[in-house]
Structures are given as C-alpha cells and as structure tokens.
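Novice: My questions are about this predicted structure, shown below with the sequence.
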Amino acid sequence: MTTIKHFPPPPGIQAPPLSFGARVGDLLFISGIPGFDANRELPDGFEAQFANVVTNFKRVLNEAGATMRDLVKVNVLLTRAGDVATMNALYAGAFGPAPYPARTTCVVVALPNPKMLIEIEGVASVKG
C-alpha cells in the first residue's frame, strides 16, 4: 500500500479544498501556488506576486525536506503575455542557477481570482 503524505495550507490561510503539496515515494507534487502574501492579500504588481509565489513554494519544499534544487518540473501560468520576459528574468534568479527544472509556461485567460497574475505548480524529487 502506497503512503501519501499531505502538506496542508498554513494555519489561518483559507484555501480551496486541496493540499499545498502531496508526497508519494520520492516525488513531491506542489499545487498551483498563487501570489498571496502572509496576510492573504494579493498585491497589484507582477513582481510582488512572483516573490510571494517563490516564498510559498520554498515553504512547501522546506516542509517536505526539499529545496528549489530538487525541482524536476515546473508549470507557470500567467494571465498576461506581457509578463513573460519579466517572469523569465525573475525565474532565473529564483530557480537558478542552471540547470533549471523542466518548465512549461502558459498564458491563460484567467485564474480563480481576477487579480491573480501568476500561479506556479511543480514536482520535486525528495530523498529519504
């Protein structure tokens, strides 16, 4: 029987019915993380939302005993094509140095909250 370990949202965060992460074996699946801050606020700027995504992504990885270097695959969802170049520059600093995880970037019509500009999900390889 396979054991799945779930990583719930942090206390006080109202999230949809999901785990922020789920680990099975050596794989950690991280749910799409939007750019909300610790006060559950969504800043207006893309750069601030990206920084919040990275902070929350690192928190989930840390709770599972992993780091950004353990990421295998990342999916980035953007609501504005004009943010792709900025995202690439910020991504290089946050997810680097090379080699980077495999990545898909999609520009979508909308995310669940109209103010959401970005959401990132991923899969990491976790040892032990």
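Specialist: Ah, there it is. Residues are numbered from 1 along each chain as shown.

Novice: Enumerate every residue touching Leu78.
Specialist: Contacts for Leu78 (C-beta atoms under 8 Å, 6 or more residues apart in numbering) come out as 84, 87, 105-108, 117-118. C-betas here are computed from N, CA, C, even on glycine.

Novice: Turn those residues into a markdown table, including secondary structure and neighbour count.
Specialist: Formatted as a markdown table, the contacts of Leu78 follow (DSSP: H, G, I helix; E, B strand; the rest coil; neighbours: other C-beta atoms under 10 Å):
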| residue | secondary structure | neighbour count |
| --- | --- | --- |
| Val84 | helix | 14 |
| Met87 | helix | 20 |
| Thr105 | strand | 15 |
| Cys106 | strand | 8 |
| Val107 | strand | 13 |
| Val108 | coil | 11 |
| Leu117 | coil | 24 |
| Ile118 | strand | 23 |
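
Novice: Name the nearest of the residues you listed relative to Ala15.
Specialist: Relative to Ala15, the closest of the contacts of Leu78 is Ile118; by C-beta to C-beta it sits at 16.8 Å.

Novice: For the closest one, give its distance to Pro34.
Specialist: Shown here: Ile118 relative to Pro34, a distance of 7 Å by C-beta to C-beta, to the nearest Å.

Novice: and what of Met68?
Specialist: Taking C-beta to C-beta as the measure, Met68 falls 18 Å from Pro34.

Novice: Helix or strand: which one has the nearest residue to Leu28 once chain neighbours are set aside?
Specialist: Spatially, and ignoring its direct neighbours in sequence, Leu28 is nearest to Ala124 (4.4 Å; C-beta to C-beta, 6 or more residues apart in numbering). Here Ala124, judged by DSSP states H and E, is contained in strand 118-125.

Novice: ok, residues contacting that strand?
Specialist: Identification of contacts with strand 118-125 by C-beta under 8 Å, 6+ apart yields 26-35, 46, 49-50, 53, 57, 61, 64, 66, 70-79, 83, 87, 101, 111.

Novice: now swap in stretch 51-71 and tell me
Specialist: By C-beta under 8 Å, 6+ apart, stretch 51-71 touches 5, 7, 10, 20-21, 23, 28, 30, 33-37, 43, 90, 94-95, 101, 118-120, 122-128.
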